[in-house]
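Student: Got a sequence here, can you build the structure:
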Amino acid sequence: MPADNGKIQIAQVLVEHLRRAGFSLTSFKLILAMLHHQDRQELWIREAIETPSLAKTWIEGTRLRAIVGPYRENGATSLHRLVAEAKRTDLFDDIRLIERNRILAWQFSGLTQRLMAARISDYYTLLDLAEVGDCRSLDDLNYLIVIRHVFKGKAPKFYGPSSMNWSRLRGKHMASLTRIAKMTGVTLVVIESRDRQDYGLRHVECRVCHAQTTWWISAIRKHPAGAKVTLIDASGSRKVDAKTFDFSHLPGIVPDPPPRG
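Tutor: Below you'll find the predicted structure:
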């Protein structure tokens, strides 16, 4: 059994599948812990794509909850919810509680086995399960996943929701971004702009800065006319004037290259 580093390398195609499945926050976390357990048992095997029963496994419910929560739960409420939600998806051939609800036993489907196999040759995300356990909402978890996915890019960025109701959604999304920026140690430059054709539609772009990024200073400060720019880091969030703010003090910002010719 490989040493446990508390992390799971998950194929990005499986991440998207999990998001579309509509899991609750607790169930999403527990499934990530189950994927990690499957990793440690060395049960991601190519033969299981065609014969998933080769990779069936189990874990004590208390051990699973100790990885990502809920940490203080007495009983098996979260596990019952997980089983009910999981049975509505195509990710499992079998999942059940046994031994008076003490043991969670499951068999991932051939689809899950095939999606996880994609991490060898396709995009993947490396997640720290301690960070997963600290997420307080699905927005937190989704932003953690996307930040960890783009983290190693030279000029990483991602997009928040494009919405006609952004003014109503803004508070909870900015709170999640603030929590995850503090958790991961990144600085975010959040740019909120109106759609060029539909005045009521708002777009959100998040640029990620940390010690290893190499954002050109002209690129990090570029923004659409009329956009609102917010800086988020471990100290909190604050609105900045992109025309006058000195972005060179942010981590991972480099001077522009000299002009060609």
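Student: Low-confidence stretches in the protein?
Tutor: Applying pLDDT under 70 to the chain flags residues 261.
Student: Could you break it into its assigned domains?
Tutor: Per automatic domain parsing, the structural domains of the chain span 7-120, 137-254.
Student: So for Glu131, which of those sits nearest?
Tutor: Across the domains of the chain, Glu131 has its closest neighbour in domain 137-254 (5.7 Å, CB to CB). (Glycine included, C-beta is placed from N, CA and C.)
Student: So what would you say the end-to-end distance of that closest one is?
Tutor: One end of domain 137-254 sits 34 Å from the other (CA to CA, to the nearest Å).
Student: gap between that domain and the chain center?
Tutor: 15 Å (CA atoms, centre = their mean, to the nearest Å).
Student: Ok, which of the domains of the chain comes nearest Ala130?
Tutor: Closest among the domains of the chain, using CB to CB: domain 7-120, at 8.5 Å.
Student: Turn the domains of the chain into CSV, including distance to Glu131 and mean neighbour count.
Tutor: Output for those, formatted as CSV (distance: least, CB to CB, whole Å; neighbours: other CB atoms under 10 Å):
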stretch, distance to Glu131, mean neighbour count
domain 7-120, 9, 17
domain 137-254, 6, 16
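Student: and of these, who's closest to Leu129?
Tutor: Shortest distance between Leu129 and these, using CB to CB, is found for domain 7-120: 5.5 Å.
Student: give the contact list for the residue lying closest to Thr184 once chain neighbours are set aside.
Tutor: Among residues not flanking Thr184 along the chain, Ile147 sits closest, at 5.5 Å (CB to CB, 6 or more residues apart in numbering). Residues in contact with Ile147 (CB atoms under 8 Å, 6 or more residues apart in numbering) are Phe158, Ile180, Thr184, Val186, Val208.
Student: Report the two of these separated the most.
Tutor: Spatially, the most separated pair among the contacts of Ile147 is Phe158 and Thr184, at 12.6 Å (CB to CB).
Student: ok, back up a step: out of the contacts of Ile147, which are inside strands?
Tutor: Phe158, Val208 (DSSP state E).
Student: just to revisit the earlier point, so how far is Ser27 from the residue nearest to Thr184?
Tutor: Ile147 sits 22 Å away from Ser27, taking CB to CB, to the nearest Å as the criterion.
Student: Could you do Val83 as well?
Tutor: Per CB to CB, Val83 is found 9 Å from Ser27.
Student: cool, and Trp166?
Tutor: Using CB to CB, we find Trp166 at a distance of 28 Å from Ser27.
Student: Kindly list the longest helix within this structure.
Tutor: Criterion DSSP state H: the longest helix present in the chain is helix 166-184.
Student: for it, packing partners?
Tutor: When contacts are defined as 3 or more CB pairs under 8 Å, 6 or more residues apart in numbering; DSSP states H and E, helix 166-184 sits against helix 129-134, helix 138-150, strand 187-194, strand 202-209, strand 228-233, strand 236-240.
Student: got the CA positions of it in CSV?
Tutor: The C-alpha trace of helix 166-184 is given here as CSV (Å, rounded to 0.1, in the frame of the first residue of the first chain):
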residue,chain,number,x,y,z
TRP,A,166,-24.9,38.5,-10.2
SER,A,167,-25.8,41.3,-7.8
ARG,A,168,-27.8,38.7,-5.7
LEU,A,169,-25.1,36.0,-6.1
ARG,A,170,-22.1,38.2,-5.6
GLY,A,171,-22.0,38.1,-1.8
LYS,A,172,-21.8,34.4,-1.3
HIS,A,173,-19.4,33.9,-4.2
MET,A,174,-17.0,36.6,-3.0
ALA,A,175,-17.1,35.1,0.5
SER,A,176,-16.2,31.7,-1.0
LEU,A,177,-13.4,33.2,-3.1
THR,A,178,-12.0,34.9,0.0
ARG,A,179,-12.0,31.7,2.1
ILE,A,180,-10.4,29.7,-0.6
ALA,A,181,-7.7,32.4,-1.4
LYS,A,182,-6.8,32.3,2.3
MET,A,183,-6.8,28.5,2.4
THR,A,184,-4.6,28.1,-0.7
